[in-house]
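Student: Below is the structure, and that's it, no one-letter string:
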């Protein structure tokens, strides 16, 4: 057969009267007037486990070599690390504080100190020292694209909130990283008495930013963050990257600026 191109396009669908069907319309992008960010796994990651254990042991006056610290870190992470994987089993005596860990500061500390105490470390005071690493900037590593993303949104006059299920204040960390001025509101579960995916925490964040929830974008890394859809928000879920790497956060800037802001 002659005069047929090597890569012929398939015939276009036809209606009953023989006319070509119109191409499907591209759905319009939703306007984004504000961005809500989860904290852990989205804007920052906890420090590497072995460094975590060695630093906490040093605070207790004990030096651990890497071999011993690695073995201990593996056991502590399995038991349940604050900012790390959830434990596969919570001992019955910790069940109550575990259930309330993101609603009350003392419960948060008691839950994670209690889990660390289930591991025999041989270092007096280690469980408390491990928890205290959460409260200092050195215990966390902001993702490589966190600051640039927050600055780009600020330059575009897009308000930002940090929305976190957590039992302690994040503001001192942001102060130390010089990022506080790039965040318009902190909505922390233990302060507002609601945890993600409860729509109330997302409504609260949008209210503080002065935007309709249907014009807000929630950026996170878990199904709890995706629960923002029940409040009418758009959602961007990014798998958590390793500490110190970029986490794909610039996608939030692209979405916020897509409507010509």
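Tutor: Cool, got the structure. Note that the structure is a prediction, hence the values are computed from the model and not measured. Residues are numbered from 1 along each chain as shown.

Student: Ramachandran coordinates for residue 185?
Tutor: phi -160, psi 140 (degrees, to the nearest 10).

Student: next one: residue 157
Tutor: Main-chain dihedrals, residue 157, degrees, to the nearest 10: phi 60, psi 40.

Student: again with residue 169
Tutor: Main-chain dihedrals, residue 169, degrees, to the nearest 10: phi -80, psi 130.

Student: can you pull out the strands in the stretch 151-261 of the chain?
Tutor: Using DSSP state E, counting those that start in this stretch, the strands of the stretch 151-261 of the chain run over 160-164, 185-188, 216-220, 234-237.

Student: Include mean neighbour count and mean pLDDT when you put the ones you listed into CSV, please.
Tutor: From N, CA and C alone the C-beta is placed, and that goes for glycine too. Putting the strands of the stretch 151-261 of the chain into CSV (neighbours: other CB atoms under 10 Å; pLDDT from 0 to 100) gives the following:
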stretch, mean neighbour count, mean pLDDT
strand 160-164, 25, 98
strand 185-188, 20, 98
strand 216-220, 26, 97
strand 234-237, 18, 95
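
Student: As a markdown table, these with distance to residue 50 would be great.
Tutor: A markdown table is the format used below for these (distance: least, CB to CB, whole Å):
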| stretch | distance to residue 50 |
| --- | --- |
| strand 160-164 | 25 |
| strand 185-188 | 29 |
| strand 216-220 | 27 |
| strand 234-237 | 29 |
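
Student: Stretch 90-97: end-to-end distance?
Tutor: End-to-end distance of stretch 90-97: 10 Å, with CA to CA, to the nearest Å as the criterion.

Student: same thing with stretch 81-88?
Tutor: 11 Å.

Student: Any buried residues in it, and which?
Tutor: Neighbour-count burial for stretch 81-88 flags 81, 82, 83, 84, 87 (criterion: 16 or more other CB atoms under 10 Å).

Student: mind listing the helices for the stretch 151-261 of the chain?
Tutor: Under the criterion DSSP state H, counting those that start in this stretch, helices of the stretch 151-261 of the chain are mapped to 171-176, 189-192, 199-209, 223-226, 250-256.

Student: just those helices: most buried one?
Tutor: Greatest average neighbour count among these goes to helix 199-209 (a mean of 21), per mean count of other CB atoms under 10 Å.

Student: can you state the direction angle for that one and strand 216-220?
Tutor: Counting by axes from the mean of the first three to the mean of the last three CA atoms, to 10 degrees, helix 199-209 lies at 120 degrees to strand 216-220.

Student: And the contacts of helix 199-209?
Tutor: 34, 36, 159-161, 163, 184-185, 187, 189, 192, 194-196, 212-213, 216, 218, 227-228, 230-231, 233 (CB atoms under 8 Å, 6 or more residues apart in numbering).

Student: 7 Å - rerun?
Tutor: Outside of helix 199-209, the residues within contact range by CB atoms under 7 Å, 6 or more residues apart in numbering are 34, 36, 159, 161, 163, 184-185, 187, 189, 192, 194-195, 212-213, 216, 218, 228, 230-231, 233.

Student: Find me the pLDDT at the closest residue to residue 224 other than its chain neighbours, would you?
Tutor: Nearest non-adjacent residue to residue 224, counting by CB to CB, 6 or more residues apart in numbering: residue 196, 4.1 Å away. On pLDDT, residue 196 comes in at 97.

Student: could you say what helices and strands the lowest-mean-pLDDT helix or strand in the chain packs with?
Tutor: None of the helices or strands of the chain scores lower by mean pLDDT, DSSP states H and E than helix 250-256, at a mean of 92. Secondary-structure packing of helix 250-256 (3 or more CB pairs under 7 Å, 6 or more residues apart in numbering; DSSP states H and E): helix 146-155, strand 216-220, strand 234-237.
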